[in-house]
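# Structure of the sequence below:
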Amino acid sequence: MSSRIRLRSVRLKLFLGVLLASLAAIVVTGASLFAYDLHSLRENLSVDLVTQAELIGRACVPALQFDDPKVAHDNLALLDARPGIDAAGLYNAKGVLFGSYIRSGTAPENFPALAGAEQVNFAGQDIYVMRRIISDKEIVGFIYLHAQYGLYRRVKTYLGIVLAVGSLALLVALLLSLWLQVAVTRPILAITGLAQRVVEKGDYSPRATKITDDEIGYLTDAFNRMLGEIGGRTEALEASNRELGHEIAERRGAELALRNSEKRYRALVSTLSTVVWVANRDWEFQGDQASWQAYTGQTPEEYRGKGWLRAFHPDDLPVLQRYIDRAIKGHQTFEAEVRLWQAASAQYRIVDLRPMAVFDGDGEFREWIGTVTDIDDRRRAEDEVRRLNVELEGRVRERTKKLEEANGELEAFSYSVSHDLRAPLRAMDGFSQRLVADYGPKLDEQALSYLSRIRAGAVRMGQLIEDLLSLSRITRLELVRREVDLSALVHAVLAELQQRDPERKVQVSVWDGVHVEADLRLARVALENLLGNAWKFTSKNPEAHIEFGMMQEGERKVLFVRDNGAGFDMAYADKLFGPFQRLHGIHEFPGTGVGLAIVQRIVIRHGGRIWCQAKPDLGATFFFTLQEEPRGQAVPTRDAGTGAPARPN
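Residues are numbered from 1 along each chain as shown. Below is the predicted model of the structure:
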């Protein structure tokens, strides 16, 4: 019976192979078609809902401008004509819900508390759309739509199609596999039958008949040659086996002797590290204690009775006796570290003494059995580690103190040097200007160009020194926290930037009512640098946009400044907050590379943190906090383009 099962295994493999290949092709094809159709459905549905949102948003512009909720509600009620849309929400320019629509017979809608960036999100059976309503290039509000996706219905339809096509394909595969079983397995079964007869009878003279000229025919020829080779070598192998039998018997005897020697060696090592002893109820040695004698060097006459206790250090005997007295009263197990004499080293060594009470089958106390483990080397190593740790902590404290002193001296030095350099630079710039004014007509264009470069270098050096002084002053100023209206502060800074560059047209968005506890002077310096960078790096964008706002995450207020300017590659973000580090050329965007270093120091002085997200040519978003971060809580970031939560690098 088992032989028939083995003969049929090749047929079963061919049958399963064809069926599995067909099934895999059907599954892959069906999955590909379904994925393409699902992608097309998502794209079309997204475009349709975005268009619907824009139409409803434009229709609701008058309602938002004239603050008319009734008109907004009537416009949203027109969505009854769209069965796929379950709910809609209209938000004003501040992102607050102004009007809503929920289709009759649907579940209550959980509208977003605050409108965010434009987005289209798919979640299971639902699709959510958020679009801005823009009128005369101004954001007047937001429109929110919630519609049914119909994913499960489409999946059910595709499953029905795949099952129908799969059934037909599997039927064709079944017929093909039956033909393959006959055509392929017949010569293989013939070779298998011959091999079984050779194994059962031990006769290597029969040969297999070659039926085909393909790979199976080549297998038949190879099998016949193998039979001849095996028949020729069998006799030589049997003679060799007889010789090997004698050698194996000798080797087994040697291996047995080796194992016995290894056991004796392991037993000897065990007795050197752990001593096992047995005592009666009164803690007296009676019989032979070979391991105790080997470790302590006491003779049987010396350790019998309670003489074995004399091997312990005299200073440890009172403590050990108290342990023994308590153990005798309650038959309690204990563990004690004491010093025991070792004959091999001729000194007392620290050991771990562990006795255990032994009871008979009736629960009656019989005797004590215990172990003594030498832990002297381990204790000495632990003491050395503790000493080294104490020494290391002292060195760390000393080096930290020296580092703090060096940082203070370096800061004072940079402040002093910056002040000392300003006078020569002013003289250089002044005399260059006098040369141009007094001798300008006498100088050629190349000389005037040299003087212009000298003045430009002096101005840039002066700006670098001024930034260095600002960076030094940040750490010296006393931090005075009070409530600061950052929204008003941002409006003031943006007004100054617009006054300096009146030709620029920049769309700004400032969230109202952003209040924090911070130092007013330092907060203004930080915002001047962040908004100044946003103003500078959007100078080449004709549709420049700068936004300031706040995200409330638990008890933490996360502030952000977002722009759609030049942006940068996040691979170089680790250099962003270093002094004099620039990610753009000075001829492309002017500056010294100190502004973000100043911002980072201000944020750190407030106990906060600053991070960023950006993409080249898509802008950058800088997030920062002005309060201490909760311990163990990760600081999230938000994507520069969408504002979605992300993680800092």
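# so where is the stretch 401-550 of the chain shaky, pLDDT-wise?
For the stretch 401-550 of the chain, the stretches flagged by pLDDT under 70 are 404, 406-423, 425, 456-477.
# Strands of that one, start to end?
Assigned by DSSP state E, counting those that start in this stretch, the strands in the stretch 401-550 of the chain fall at 482-485, 507-510, 515-518, 545-553.
# Turn the ones you listed into TSV, including mean neighbour count.
Any C-beta I mention is one placed from the backbone N, CA and C, and that applies to glycine too. Listed next are the strands of the stretch 401-550 of the chain as TSV, based on neighbours: other CB atoms under 10 Å:
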stretch	mean neighbour count
strand 482-485	13
strand 507-510	15
strand 515-518	18
strand 545-553	18
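# Helices of the stretch 151-300 of the chain, start to end?
Read by DSSP state H, counting those that start in this stretch, the stretch 151-300 of the chain holds these helices, from start to end of the chain: 151-201, 215-273, 290-296, 300-303.
# how about TSV for the strands of the stretch 401-550 of the chain, with distance to Gln499 added?
As requested, the strands of the stretch 401-550 of the chain are exported to TSV (distance: least, CB to CB, whole Å):
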stretch	distance to Gln499
strand 482-485	21
strand 507-510	14
strand 515-518	25
strand 545-553	15
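# that older thread, quick one: closest of the helices of the stretch 151-300 of the chain to Arg605.
Nearest of these to Arg605, taken as CB to CB: helix 151-201 at 51.6 Å.
# hmm, back to that, tell me which of the strands of the stretch 401-550 of the chain lies nearest to Ala72.
Between the strands of the stretch 401-550 of the chain, strand 507-510 lies closest to Ala72; by CB to CB that is 22.2 Å.
# ok now that closest one, how far from the chain's centre?
How far strand 507-510 lies from its chain's middle: 35 Å, per CA atoms, centre = their mean, to the nearest Å.
# and what of stretch 521-533?
Its chain's C-alpha centre and that of stretch 521-533 lie 33 Å apart, by CA atoms, centre = their mean.
# Alpha carbons of that stretch, as CSV, please.
The C-alpha coordinates for stretch 521-533 follow below in CSV (Å, rounded to 0.1, in the frame of the first residue of the first chain):
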residue,chain,number,x,y,z
ARG,A,521,12.2,90.7,24.0
LEU,A,522,13.5,87.2,23.1
ALA,A,523,10.1,86.2,21.6
ARG,A,524,10.3,89.2,19.2
VAL,A,525,13.9,88.4,18.2
ALA,A,526,12.9,84.8,17.4
LEU,A,527,9.9,85.8,15.4
GLU,A,528,11.9,88.5,13.5
ASN,A,529,14.4,85.8,12.4
LEU,A,530,11.8,83.2,11.5
LEU,A,531,9.5,85.6,9.6
GLY,A,532,12.5,87.4,8.1
ASN,A,533,13.7,84.0,6.7
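# Mind splitting the chain into its structural domains?
Per the record, the chain has its domains at 15-156, 271-377, 381-453, 478-646, by automatic domain parsing.
# Pick out the shakiest of the ones you listed, pLDDT-wise.
When the domains of the chain are ranked by mean pLDDT, domain 381-453 comes last with a mean of 76.
# Surely Leu79 is in contact with Leu55?
No: the criterion here is CB atoms under 8 Å, and Leu79 misses it with Leu55 at 10.4 Å.
# Show me which of the two is the more surrounded one.
Leu79 (20 against 13; other CB atoms under 10 Å).
# ok, the more buried one - contacts?
Each residue near Leu79 by CB atoms under 8 Å, 6 or more residues apart in numbering is listed here: Ile56, Ile85, Ala88, Tyr101, Arg103.
# Which of the residues you listed fall in strands?
Mapping the contacts of Leu79 onto strands (DSSP state E) picks out Ile85, Ala88, Tyr101.
# who wins for neighbours among the residues you listed?
Neighbour-wise, these (other CB under 10 Å) top out at Ala88, 28 neighbours.
# and Tyr572, how many residues sit next to it?
Neighbours of Tyr572 under the rule other CB under 10 Å: 11.
# Same list (the helices of the stretch 151-300 of the chain) but as JSON lines, adding distance to Ala311 and mean neighbour count.
Output for the helices of the stretch 151-300 of the chain, formatted as JSON lines (distance: least, CB to CB, whole Å; neighbours: other CB atoms under 10 Å):
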{"stretch": "helix 151-201", "distance to Ala311": "70", "mean neighbour count": "13"}
{"stretch": "helix 215-273", "distance to Ala311": "16", "mean neighbour count": "11"}
{"stretch": "helix 290-296", "distance to Ala311": "4", "mean neighbour count": "19"}
{"stretch": "helix 300-303", "distance to Ala311": "7", "mean neighbour count": "15"}
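# so which of the ones you listed gets nearest Gly370?
Of these, nearest to Gly370 by CB to CB is helix 290-296, at 10.3 Å.
# ok, residues contacting the closest one?
Helix 290-296 is contacted by residues 271-272, 274-277, 285, 298-300, 303, 308, 311, 340-344, 372, 374 when judged by CB under 8 Å, 6+ apart.
# redo that, cut-off 7 Å
For helix 290-296, the external contacting residues (CB atoms under 7 Å, 6 or more residues apart in numbering) are 271, 275-277, 298-299, 303, 308, 311, 340-343.
# Same check on stretch 40-54?
For stretch 40-54, the surrounding residues in contact (CB under 7 Å, 6+ apart) are Arg82, Val120, Phe122, Ile127, Val129, Arg131, Ile143, Leu145, Ala147, Arg154.
# chain center to it: distance?
Mean-position distance between stretch 40-54 and its chain equals 35 Å (CA atoms, centre = their mean).
# which of the residues in that stretch are buried?
Buried positions in stretch 40-54, judged by neighbour count with 16 or more other CB atoms under 10 Å: Leu45, Leu49, Val50, Gln52, Ala53, Glu54.
# Tell me the one among those residues nearest to Glu483.
Nearest to Glu483 out of those is Ala53 (CB to CB; 38.9 Å).
# Just the element for the closest one, please.
Per DSSP states H and E: Ala53 is located in helix 9-59.
# could you say what helices and strands the helix or strand that that helix is followed by packs with?
Next along the chain after helix 9-59, taking DSSP H and E as the criterion, comes helix 61-65. Judged by 3 or more CB pairs under 7 Å, 6 or more residues apart in numbering; DSSP states H and E, helix 61-65 is in contact with helix 69-77, strand 126-135, strand 138-148.
# Against Arg310, how distant is Glu302?
7 Å (CB to CB, to the nearest Å).
# Repeat that for His331.
For His331, the distance to Arg310 (CB to CB) stands at 25 Å.
# Same question for His39.
Taking CB to CB as the measure, His39 falls 89 Å from Arg310.
# returning to that earlier point: spatially, which two of the buried residues of stretch 40-54 are the most separated?
For the buried residues of stretch 40-54, with distances taken as CB to CB, the pair at the greatest spread is Leu45 and Glu54 (15.0 Å).
# that older thread, out of the strands of the stretch 401-550 of the chain, which gets nearest to Ile191?
Taking CB to CB, strand 545-553 is the member of these nearest to Ile191, at 73.5 Å.
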